[in-house]
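Asker: Give the three-dimensional model of this entry:
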Amino acid sequence: MERVKDSQLAMMPIEFKLNGQTVVGRPDEPIIRTAKQHGINIPHLCHGGNQRSDGNCRACVVEIKGERTLAPSCCRFPAAGMEVTTDSPRALASQKMVLELLLSDMPQQEYTLDNKLQQWAQRLGVGKPRFAQREQPKADASHPAIAVNLDACIQCTRCVRACREVQVNDVIGYAYRGDRSVPVFDFDDPMGESTCVACGECVQACPTGALMPARGVGLKPIEQKVDSVCPFCGVGCLLTYHVAENKIQFVTGKDGPSNHYRLCVKGRYGFDYAHHPHRLTKPLIRKAGVKKTADFTVDPGNWSEVFREATWDEALDLAANGLKTIRDQDRYALAGYGSAKGSNEEAYLFQKLVRTGFGTNNVDHCTRLCHASSVAALMEGINSGAVSNQVSDVMKAELVFLIGANPASNHPVAATWMKNAAKAGVKLLYADPRKSELSRHAWRMLQFKPDTDVALLNAMIHTIIDEGLVNQEFVRDRTSGYEALKENAKNFSPEKMAPICGIPAETIREVARAYATSKGSMILWGMGISQHVHGTDNARCLIALAMMTGQIGRPGTGLHPLRGQNNVQGASDSGLIPMVFPDYQRVDNDEAGSRFEKLWGTKLDRKPGLTVVEIMNAAYDGSIRGMYIMGENPAMSDPDLEHARAAMAKLGHLVVQDIFLTETAYLADVVLPATAWPEKDGTVTNTDRMVQLGRRALKAPGEAREDLWIIVELAKRLGLPWTYAHPREVWNEMRQGMDSIRGITWERLERDSSVTYPCENEGDPGEPVVFQTHFPTATGRGKFVPADIIPAAERPDKEYPMVLITGRQLEHWHTGAMTRRSGALDAIEPEAVASLHPLDLDALGARAGALITVESRRGRISLYARADAGTPRGAVFIPFCFYEAAANLLTNPVLDPYGKIPEFKYCAVRVKPGGERPGDPHYGKGRTLDELYG
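Answerer: Residues are numbered from 1 along each chain as shown. Modelled structure (predicted):
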């Protein structure tokens with residue numbers, strides 16, 4: 001109650017005088033902001049952006065009547081009756097003196113055209129400084145993405161606050177004294193050798209160019225600034241492309257609802273893949289007589305051995321005729337893979353093409369490899385696959401339960417909110433077999449044994465029941481099936497589960513109590529939960545925890561499966577799933593089928609289609625003979641890659657639409673060159689259910705065409721009377737079939753850039769928190785589904801004694817098709833690596849930095865060893881983005897029976913020192929950024 005009163009007081013307006021005029025301000029808003037709102041600009045250097053103001057540069061001092069000293073307006077707040085003068089002789093003299101002193105240390109060479117110090121000096125008429133320059137630090141060019149020129153540093157400490165308080169990376173400090181004082185990285189290390197994760201927050205904060213993107217891009221005049229959305233993970237950061245000569249020169253974060261100016265290394269420095277010389281610029285057709293095989297090496301620079309160039313008409317005709325021939329013989333012999341990296345409009349049209357043009361529901365995308373089991377459990381339990389609360393709600397929680405995820409690498413900006421919350425006193429309960437950077441911020445770190453999620457979670461459920469911590473009112477009014485859960489939990493006491501999961505019984509009881517009794521507990525999870533044969537059971541347990549304690553339906557509570565790719569949520573919403581139409585309406589439901597038959601004007605198949613791995617198995621067996629793949633790379637992302645590649649090699653007709661000649665495209669009969677994300681308009685939906693508008697910033701290279709245009713042209717050749725000319729037209733049709741977005745107009749998206757769904761009526765604000773009064777089930781109740789322990793399909797044994805865990809890493813995304821073609825990202829993390837515990841390396845007779853060979857029953861790879869004390873003993877972690885050491889050559893394709901997701905997170909392997917040096921024939925080194933930008 002006191003907190004509410006304080007919040008209300010902070011919003012109360014305050015009248016005070018500003019330069020003789022009565023103005024209204026707020027007690028929680030500094031004078032400098034109120035002044036700006038009234039058209040008064042006060043010089044400032046250490047204030048701005050999304051940071052706390054320090055007042056240490058003193059450029060913004062103002063005179064306050066009755067006070068002896070001048071006050072910094074960036075961290076001074078108004079009071080009733082206060083009289084402030086921003087341009088008194090005394091204030092102006094001080095402002096000018098500060099600027100002159102700072103100017104005296106500026107180098108002759110500029111590093112940016114946007115030097116705030118120079119701009120303010122010119123505005124106030126400050127001329128050449130009268131003071132001698134102090135000795136300046138040397139330039140630091142050790143980092144591939146960031147240039148450090150501290151001779152332009154004015155010690156405003158904005159970089160320090162950006163690193164410590166905003167991103168909470170704690171790399172930049174302030175060292176030395178007097179005229180030698182400077183920001184330093186770690187222990188005054190070169191930036192490129194420090195623990196810097198290159199989020200670039202310090203670069204965006206720097207007012208003088210002392211920290212800038214590398215390659216001198218700050219001195220290149222920018223022709224256009226285009227607001228868009230980051231094309232990588234599901235956080236959905238809004239950003240601004242700075243464009244000159246049809247190239248993105250650099251990127252800055254925008255004040256979007258999910259990032260508030262923040263970006264990570266991929267979002268800020270991973271843009272140049274769009275300019276890579278490997279871009280496909282003309283349609284390609286496989287040469288006659290060139291056979292397909294699972295054993296191949298892609299050389300994007302020497303594609304002419306396999307393909308020949310073609311006109312668009314020839315390529316589209318061949319693509320469509322091949323699909324049509326198979327369809328007319330057996331429509332169930334066709335399948336489509338859509339993309340989670342395209343727009344909502346593209347995903348919608350793609351699944352519509354498969355359903356109306358092919359005549360089946362054999363359409364899927366990478367959600368099957370990410371959160372299919374999570375969605376299966378959520379649909380079963382609460383009839384919705386959407387997150388209940390947005391990531392930023394961690395700031396409103398009392399306890400955050402993070403399990404099976406590594407946001408610091410996979411969702412870095414989301415991780416900053418978790419770190420901010422932990423610093424503010426929120427208890428971070430972190431559970432995962434691997435310790436990551438976030439574990440140092442955790443209240444409790446539960447490093448449980450791999451594959452024992454259900455044992456740990458059921459022990460927590462047992463504790464909550466056993467100690468009388470169940471929210472009986474919530475269970476009575478809003479759930480069903482509790483008695484079955486209660487009966488099942490009897491077998492899972494913490495004392496019984498402790499030896500299985502490796503967490504002491506008392507610790508399990510402690511964290512269970514804390515979760516149940518907190519005023520607000522929020523659960524977030526990643527693919528460490530979902531990518532198991534028991535992934536659905538894992539998610540069932542998390543849903544049960546939330547419902548039995550009533551920790552859902554309020555701010556700071558709820559369930560949030562962290563979405564992987566930038567539009568995996570939107571692609572799923574748009575119907576790119578074999579068993580549901582858009583908005584998760586079952587294809588075997590007559591009402592849903594009739595709705596879309598009316599909307600699309602054709603009869604629809606009511607038989608659920610095949611999923612990703614099922615399609616590959618069917619292709620291998622010969623029952624699937626033709627495929628259309630847009631922006632997906634199953635020849636790298638599917639489990640047991642030899643099998644997946646062999647399956648695609650057997651296809652009679654494969655059409656691939658992409659921006660690069662990927663491993664999958666190399667197996668195609670027709671390759672259609674598409675557009676990169678900055679080259680088109682369209683919407684994407686992030687992990688927070690925010691529909692966000694991406695805008696075109698670049699012209700596509702050569703003859704590459706927008707994905708939407710390609711889909712429409714293929715549809716026409718398959719006999720569909722489509723006339724879509726702009727994503728706006730597709731969006732308006734989507735609104736007719738999807739109640740969740742019905743109220744979101746294209747005009748509103750153009751105005752606001754981001755709108756949260758559900759938004760059923762025009763003008764609705766959207767619902768950041770759902771399930772507040774009921775669940776979207778027939779009864780309004782959530783359903784408890786008990787889970788038993790199901791072991792992994794393949795356990796370690798004498799022959800294969802270690803466990804393989806796969807995943808992503810900070811610098812590279814998914815299969816690496818984009819990020820490994822980014823000069824900065826590839827320079828930071830250029831080689832394939834496997835992480836092992838240092839003691840395991842010792843036991844194997846291997847050393848960090850040396851080659852090791854990892855082998856499963858399905859394949860083997862050689863790569864470099866990395867010592868990582870966060871990796872548990874007996875396990876090896878390998879990212880799956882490196883073609884030359886593809887982790888999915890090893891993984892087990894066995895499926896979760898409910899979500900049909902492969903068991904990427906667990907299989908048996910053996911590791912030995914040595915091996916063949918991983919070559920890089922697929923990507924080569926491409927060109928350096930300097931070569932790309934001239």
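Asker: which residue is nearest the centroid of the chain?
Answerer: If you average the C-alpha coordinates of the chain and look for the closest C-alpha using C-alpha atoms, centre = their mean, you land on Cys233, 1.9 Å from that point.
Asker: Tell me how far the nearest residue to it once chain neighbours are set aside lies from Gly564.
Answerer: In this structure, Cys233 finds its nearest non-sequential neighbour in His411, 5.4 Å apart by C-beta to C-beta, 6 or more residues apart in numbering. Quick note: C-beta positions are derived from backbone N, CA and C, even for glycine. His411 sits at a distance of 9 Å from Gly564 (criterion: C-beta to C-beta, to the nearest Å).
Asker: residues bridging contact with those two, i.e. touching both?
Answerer: Taking C-beta atoms under 8 Å, 6 or more residues apart in numbering as the contact definition, His411 and Gly564 share the neighbouring residues 233-234.
Asker: Tell me the pLDDT of Arg368.
Answerer: The score at Arg368 is 81. That number is its pLDDT.
Asker: got it, and the one 4 residues further on?
Answerer: Here the pLDDT value assigned to Ala372 is 84.
Asker: looking at it, the residue nearest to Cys233 is touching Gly234, isn't it?
Answerer: Yes: checked against C-beta atoms under 8 Å, the pair His411 and Gly234 is within contact range at 6.8 Å.
Asker: neighbour count winner among the two?
Answerer: Shown here are His411 and Gly234; by other C-beta atoms under 10 Å, Gly234 has more neighbours (29 against 26).
Asker: these two touch, right, that one and Thr687?
Answerer: Yes: here Gly234 lies in contact with Thr687, judged by C-beta under 8 Å, at a distance of 3.9 Å.
Asker: what sits in contact with each of those two?
Answerer: 411, 562-563, 569.
Asker: Just the ones of those residues in helices?
Answerer: Gln569 (DSSP state H).
Asker: Out of the shared contacts of Gly234 and Thr687, which comes closest to Ile852?
Answerer: Using C-beta to C-beta, His411 is the member of the shared contacts of Gly234 and Thr687 that sits closest to Ile852, with 28.9 Å.
Asker: can you pull the contacts of that closest one?
Answerer: 233-235, 391, 405, 526, 562, 687.
Asker: mind running it again at 6 Å?
Answerer: When contacts are counted by C-beta atoms under 6 Å, 6 or more residues apart in numbering, His411 touches 233, 235, 562.
Asker: Around the last one, how many other residues sit close by?
Answerer: Read that as Leu562. Under the criterion other C-beta under 10 Å, the count of neighbours that Leu562 has is 27.
Asker: hang on, it packs against Gly526?
Answerer: Yes: counting by C-beta atoms under 6 Å, Leu562 does reach Gly526; the two are 5.0 Å apart.
Asker: what is in contact with these two at once?
Answerer: The overlap between the contact sets of Leu562 and Gly526 (C-beta under 6 Å, 6+ apart) consists of Ala405.
Asker: what helix or strand does Thr675 sit in?
Answerer: In this structure, Thr675 is located outside every helix and strand according to DSSP states H and E.
Asker: Quick check: it touching Glu706?
Answerer: Yes: checked against C-beta under 6 Å, the pair Thr675 and Glu706 is within contact range at 4.9 Å.
Asker: the more surrounded of those two?
Answerer: Comparing Thr675 with Glu706 by other C-beta under 10 Å, the one with more neighbours is Thr675, at 24 against 20.
Asker: ok, now how distant is that one from Ala571?
Answerer: From Thr675 over to Ala571 (counting by C-beta to C-beta), the distance is 17 Å.
Asker: ditto for Leu661
Answerer: 23 Å.
Asker: Now Trp120: which helix or strand?
Answerer: Following DSSP H and E, one finds Trp120 within helix 116-123.
Asker: Show me what that helix is packed up against.
Answerer: In this structure, helix 116-123 makes packing contacts with helix 89-103, judged by 3 or more C-beta pairs under 6 Å, 6 or more residues apart in numbering; DSSP states H and E.
Asker: average pLDDT across the helix it packs on?
Answerer: Averaged over helix 89-103, pLDDT sits at 96.
Asker: Tell me the buried residues in that helix?
Answerer: Neighbour counts over helix 89-103 (16 or more other C-beta atoms under 10 Å) mark 91-92, 94-96, 98-100, 102-103 as buried.
Asker: what do you get for stretch 251-266?
Answerer: Neighbour-count burial for stretch 251-266, with 16+ other C-beta under 10 Å as criterion, is recorded at 251-254, 256-266.
Asker: can you check stretch 296-312 too?
Answerer: 298, 300, 303, 306-307, 310, 312.
Asker: again, but for stretch 762-778
Answerer: Neighbour-count burial for stretch 762-778 [16+ other C-beta under 10 Å]: 766-771, 775, 777.
Asker: just to revisit the earlier point, save the shared contacts of Gly234 and Thr687 as TSV, and put in distance to Gly342 and pLDDT too.
Answerer: Converted to TSV, these look like this (distance: C-beta to C-beta, whole Å; pLDDT from 0 to 100):
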residue	distance to Gly342	pLDDT
His411	20	95
Leu562	20	95
Arg563	15	88
Gln569	13	93
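Asker: any chance of the shared contacts of Gly234 and Thr687 in a markdown table, plus distance to Tyr111?
Answerer: Below are the shared contacts of Gly234 and Thr687 laid out as a markdown table (distance: C-beta to C-beta, whole Å):
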| residue | distance to Tyr111 |
| --- | --- |
| His411 | 32 |
| Leu562 | 37 |
| Arg563 | 38 |
| Gln569 | 39 |
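Asker: Just flag the most distant two among the shared contacts of Gly234 and Thr687.
Answerer: Taking every pair in these and measuring C-beta to C-beta, the maximum separation is 12.7 Å, between His411 and Gln569.
Asker: Would you mind writing the CA trace of the helix or strand harbouring Val413 as PDB?
Answerer: Using DSSP H and E, Val413 falls within helix 412-423. Taking C-alpha atoms only, helix 412-423 is exported to PDB below (Å, rounded to 0.1, in the frame of the first residue of the first chain):
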ATOM      1  CA  PRO A 412      20.900 -11.200 -24.200                       C
ATOM      2  CA  VAL A 413      18.700  -8.100 -23.800                       C
ATOM      3  CA  ALA A 414      16.100 -10.200 -21.900                       C
ATOM      4  CA  ALA A 415      19.000 -11.200 -19.700                       C
ATOM      5  CA  THR A 416      19.700  -7.600 -18.900                       C
ATOM      6  CA  TRP A 417      16.200  -7.200 -17.400                       C
ATOM      7  CA  MET A 418      16.900 -10.300 -15.200                       C
ATOM      8  CA  LYS A 419      20.200  -8.800 -14.100                       C
ATOM      9  CA  ASN A 420      18.500  -5.500 -13.400                       C
ATOM     10  CA  ALA A 421      15.900  -7.200 -11.400                       C
ATOM     11  CA  ALA A 422      18.400  -9.200  -9.400                       C
ATOM     12  CA  LYS A 423      20.300  -6.000  -8.600                       C
END
